[in-house]
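[1] show me how the following folds:
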Amino acid sequence: MRIRHLIPLAAVAFLLLQSAPAQASQALPPGQKHDRYVRWFYPSQTAYGPFEDGAGNTSSKPASGAFLTLPFMGPHIVTSLFDHCFPDYGTNGRVCRYDGVEATSQVGGPDPSFSEGYAQTPGGHDYLYYDGHDGYDYGLTYEPVAAAAPGTVMYANWLDPNCHECLSGMTIEINHGNGLLTFYGHLSRIDVAKGQYVRRGQVIGISGMTGTATGPHLHFGVYYVHRSQTPVDPYGWSGSSPDPWPWDLGDLWLTGSPRYADVALPAVTVTATQDASDPNSIDVSWSSPGGGTHFQVDVVMQDGRMKPWLGGVGAGSAVFKGRADESYWFWASVTTDLGWTDAGGSTSVQTPRLNHGQAV
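    Next comes the predicted model:
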């Protein structure tokens, strides 16, 4: 069994009450029902705060082989980090962050409700999570997961097809042709297949809480292809002392700090106006940024019913033939060639009342 598949705890370190110290929840045994992931306070797992928002600064230069961008879009909490001492899912009472900061069970003490997370300062709530973790957990709640670099899908399935509440659940691995793979665990949906080539920033699935997880999140990891039990920290090592983990390759983020993929995300705009030549007709247009966009345009009737109007079309415009004394508005949804989606609606348009004796 590969070490990286052993219980990547997701939702560690959450505060049950705003006035109480940060709490963590242990993973439930397989087969038990999970509670929804809720936290009020997040101890910082990186040197620059609790969020990974595409603007954090690691103060490191990228390694010569740097190739990664963040596996999601938009700000997200980092709930667990890579333990350089050591990422083998064992417990030795130490958690070592990429910048050399260390938390121990002896000095800072364990989180009272999660014994594998330790405070950096005695009596503090500045917990680092968690002992033996071999990747990063990001607080994605049923959201799109993106390929962190181009490559070929080498695995896309339940990690254990016979147990959907075991290990990392629905999992994707991508081989990037440089001796490394990226790993995406606990998904609720998989959108790619083994052998498929994927582009940077392409949606490969939806995050979730399959496998052993305390709540919805993404477990993201980097591993050697031919040493499948050997993880690599994409943040590298910038501590003043030698890296306790000998297999790291330096900072693998393209710019040295985690950034979003440079892809255009969709943002649908829909307009609807009364046609100048025919008061019962409505001129409708729709558009969105993003490459290879495919739209579905629906019309919403006065009684609230939504009916398909146009499907599989690109950005454009068309004339809708309505009826007198009716109101209409239009809803357009789009999917880009990288799998990102968005939707939006127009304002309502009222056609004029038919006067007595007036031809329709």
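[2] what helices and strands are in contact with the longest strand seen in the chain?
    Ranked by number of residues, the top strand in the chain under DSSP state E is strand 180-190. Applying 3 or more CB pairs under 8 Å, 6 or more residues apart in numbering; DSSP states H and E, we find strand 180-190 packed against strand 151-158, strand 170-175, strand 203-207, strand 218-224. All C-beta spots, glycine's among them, are computed from the backbone N, C-alpha and C.
[3] please redo it, this time with the cut-off set to 6 Å
    Packed against strand 180-190 by the contact rule (3 or more CB pairs under 6 Å, 6 or more residues apart in numbering; DSSP states H and E) you find strand 170-175, strand 203-207, strand 218-224.
[4] can you list these in JSON lines and add distance to residue 137 and mean neighbour count?
    Converted to JSON lines, the helices and strands packed on strand 180-190 look like this (distance: least, CB to CB, whole Å; neighbours: other CB atoms under 10 Å):
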{"stretch": "strand 170-175", "distance to residue 137": "14", "mean neighbour count": "23"}
{"stretch": "strand 203-207", "distance to residue 137": "11", "mean neighbour count": "23"}
{"stretch": "strand 218-224", "distance to residue 137": "6", "mean neighbour count": "24"}
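[5] quick one: closest of these to residue 317.
    strand 203-207 (27.5 Å; CB to CB).
[6] keeping just the C-alphas, turn that closest one into PDB.
    Coordinates of each C-alpha in strand 203-207 appear next as PDB, following Å, rounded to 0.1, in the frame of the first residue of the first chain:
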ATOM      1  CA  VAL A 203     -10.900  21.100 -14.500                       C
ATOM      2  CA  ILE A 204     -10.300  17.400 -13.700                       C
ATOM      3  CA  GLY A 205     -13.000  16.800 -11.000                       C
ATOM      4  CA  ILE A 206     -14.900  18.200  -8.100                       C
ATOM      5  CA  SER A 207     -13.600  18.200  -4.500                       C
END
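[7] give the pairing partners of it; include direction for each.
    Strand pairing for strand 203-207, using DSSP bridges, gives strand 144-146 (antiparallel), strand 180-190 (antiparallel).
[8] what's the neighbour count on residue 274?
    15 (other CB atoms under 10 Å).
[9] for the closest residue to it other than its chain neighbours, name its beta-bridge partners.
    Counting by CB to CB, 6 or more residues apart in numbering, residue 274 lies nearest to residue 349, which is 5.8 Å off, once chain neighbours are set aside. Counting by DSSP bridges, residue 349 is bridged to residue 328.
[10] circling back to that earlier point, need the winner for burial among the strands paired with strand 203-207.
    strand 144-146 (a mean of 25; mean count of other CB atoms under 10 Å).
[11] coming back round to it: my guess is the residue nearest to residue 274 meets residue 282, correct?
    Yes. Between residue 349 and residue 282 a contact is recorded at 5.1 Å, counting by CB atoms under 6 Å.
[12] as JSON lines, the strands paired with strand 203-207 with distance to residue 228 and mean pLDDT would be great.
    Listed next are those as JSON lines, based on distance: least, CB to CB, whole Å; pLDDT from 0 to 100:
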{"stretch": "strand 144-146", "distance to residue 228": "21", "mean pLDDT": "98"}
{"stretch": "strand 180-190", "distance to residue 228": "8", "mean pLDDT": "97"}
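[13] and the helices and strands packed on strand 180-190: which comes nearest residue 331?
    Of the helices and strands packed on strand 180-190, nearest to residue 331 by CB to CB is strand 203-207, at 21.4 Å.
[14] now residue 164: how far from residue 235?
    31 Å (CB to CB, to the nearest Å).
[15] and those two? which has more neighbours close in?
    Neighbours were counted for residue 164 and for residue 235 using other CB under 10 Å; residue 235 has more, 28 against 15.
[16] in which helix or strand does the closest residue in space to the more buried one that isn't next to it in sequence reside?
    In space, and not counting its chain neighbours, residue 235 is closest to residue 98: 4.0 Å by CB to CB, 6+ apart. Residue 98 belongs to no helix or strand when assigned by DSSP states H and E.
[17] how about residue 98, what does it touch?
    233, 235, 237 (CB atoms under 6 Å, 6 or more residues apart in numbering).
[18] export those to CSV and tack on distance to residue 44 and pLDDT?
    Putting the contacts of residue 98 into CSV (distance: CB to CB, whole Å; pLDDT from 0 to 100) gives the following:
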residue, distance to residue 44, pLDDT
233, 17, 98
235, 14, 98
237, 18, 97
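[19] just those now: which is nearest residue 131?
    For the contacts of residue 98, the residue nearest residue 131 by CB to CB is residue 233; the value is 15.2 Å.
[20] right, and the closest one touches residue 248 too?
    Yes. At 5.4 Å, residue 233 and residue 248 qualify as touching, with contact defined as CB under 6 Å.
[21] done for today, thanks.
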